[in-house]
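1. sequence and predicted model, in that order:
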Amino acid sequence: MNSSAASCGGGPTELIFWIVPWGRADVPPVPKCSAPGVVVVIPCTPETGADFNQFELSLAFIQQYRSASPLFVNLFCAASGWRGELRQVDLSYASTFLNALKLYLGNGSGVYIGFSEMSACVADAACRSELAQAYKELKEMFPEAFLFYYGTSSESPSDILALAKAAGLDLVGEDIYDYVYSNGVLEVPGYFVKNMEALRASGLQVMVGEVGFRVCDAQGYIQPWNWTIPIKERNCSATIQFFRQVIPQLVSAARPKYVGIWAWNDPTFGVALSPEVERFFQSFRP
């Protein structure tokens with residue numbers, strides 16, 4: 001698969017912009033020289049269903065970006081809370097969704113498809129085996145696609161690599177929502193760098209699955225994963241500075257193939273919802 005990063009004058013790392021089906025649809029296209037990533041929510045257990053309206057919007061985004069290479073498809077297992085607490089994965093409950101996805105992805109040429117933040121499942125040997133089986137089923141359905149998984153920064157690299165071996169993954173990583181802050185400067189914590197080094201030592205390509213901040217929140221670095229924190233001081237330039245500080249550190253220390261920006265159109269984290277931040281990413285190269 002030919003990455004556009006080098007031809008666009010950037011380095012070996014390419015940005016992914018995650019597009020969510022619960023976000024705004026009336027946003028600009030993702031920047032050139034980046035990879036679109038579409039979140040698709042599917043049922044993975046008998047207790048949880050998925051929103052068909054959201055699913056149809058995911059399909060519309062996939063149709064919009066299908067000619068992109070690579071195109072990432074991030075399967076979110078539907079959950080009453082957070083998918084990271086699920087301890088069961090069975091794609092038979094998602095057959096209707098996956099068959100519809102097949103109509104848009106074909107054999108998966110140019111596509112990376114996978115799961116993310118399945119923390120409890122990856123830590124549990126039995127559920128990890130179920131997740132590996134789910135990847136094998138995806139590979140049968142989309143034989144030309146590449147397979148990825150990224151976990152949270154609290155997940156053990158050894159567990160992620162055990163999944164990678166069992167599932168035949170091509171790309172692994174973790175996301176980051178934890179920083180050391182001092183005198184206006186954000187630093188990537190050392191433990192995260194070590195986790196990425198451990199993953200890269202396997203010989204697999206690595207990714208930073210997500211890096212994101214509450215957009216235009218001057219204190220967006222405080223619990224950046226927490227979408228419920230209200231903005232007390234609106235400052236879109238601060239968001240730009242956070243990304244300016246963090247992304248080069250991640251590229252230098254972790255040497256990832258991809259860095260995922262969370263997110264493009266999310267109501268809280270969507271960088272495209274701020275014209276100032278969106279303009280920054282139109283010209284930014286890692």
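-> Looks like it arrived, so ask away. Note that this is a predicted model, so its numbers are computed, not measured. Residues are numbered from 1 along each chain as shown.
2. which residues of the stretch 151-286 of the chain fall in strands?
-> 171-176, 180-182, 185-187, 205-211, 258-261 (DSSP state E, counting those that start in this stretch).
3. who's in contact with residue 131?
-> Residue 131 makes contact with 89, 115, 118, 121-122, 163, 167, according to CB atoms under 8 Å, 6 or more residues apart in numbering. Where C-beta positions appear, they are placed from N, C-alpha and C, glycine not excepted.
4. ranking those residues by neighbours, who comes first?
-> Counting neighbours by other CB atoms under 10 Å, residue 118 leads those with 30 neighbours.
5. low-confidence regions, this protein specifically.
-> Along the chain, the model assigns pLDDT under 70 to residues 1-10.
6. now residue 60: closest residue in space that isn't a chain neighbour?
-> Excluding the flanking residues, the one nearest residue 60 by CB to CB, 6 or more residues apart in numbering is residue 25, at 7.5 Å.
7. related to what we said a few turns ago, restricted to helices, list the contacts of residue 131.
-> Counting by DSSP state H, those place 121-122, 163, 167 in helices.
8. how far away is the residue of the chain most remote from its centre from residue 247?
-> Distance from the C-alpha centroid of the chain, by CA atoms, centre = their mean, peaks at residue 183 (29.4 Å). Taking CB to CB, to the nearest Å as the measure, residue 183 falls 20 Å from residue 247.
9. with residue 192 instead?
-> 14 Å.
10. coming back round to it: show me which of the contacts of residue 131 is closest to residue 37.
-> residue 115 (12.9 Å; CB to CB).
11. and that closest one, what does it touch?
-> Counted by CB under 8 Å, 6+ apart, residue 115 has contacts 74-77, 89, 131, 134-135, 149.
12. surely residue 209 touches residue 173?
-> Yes. The pair residue 209 / residue 173 is scored as a contact, 4.9 Å apart, by CB atoms under 8 Å.
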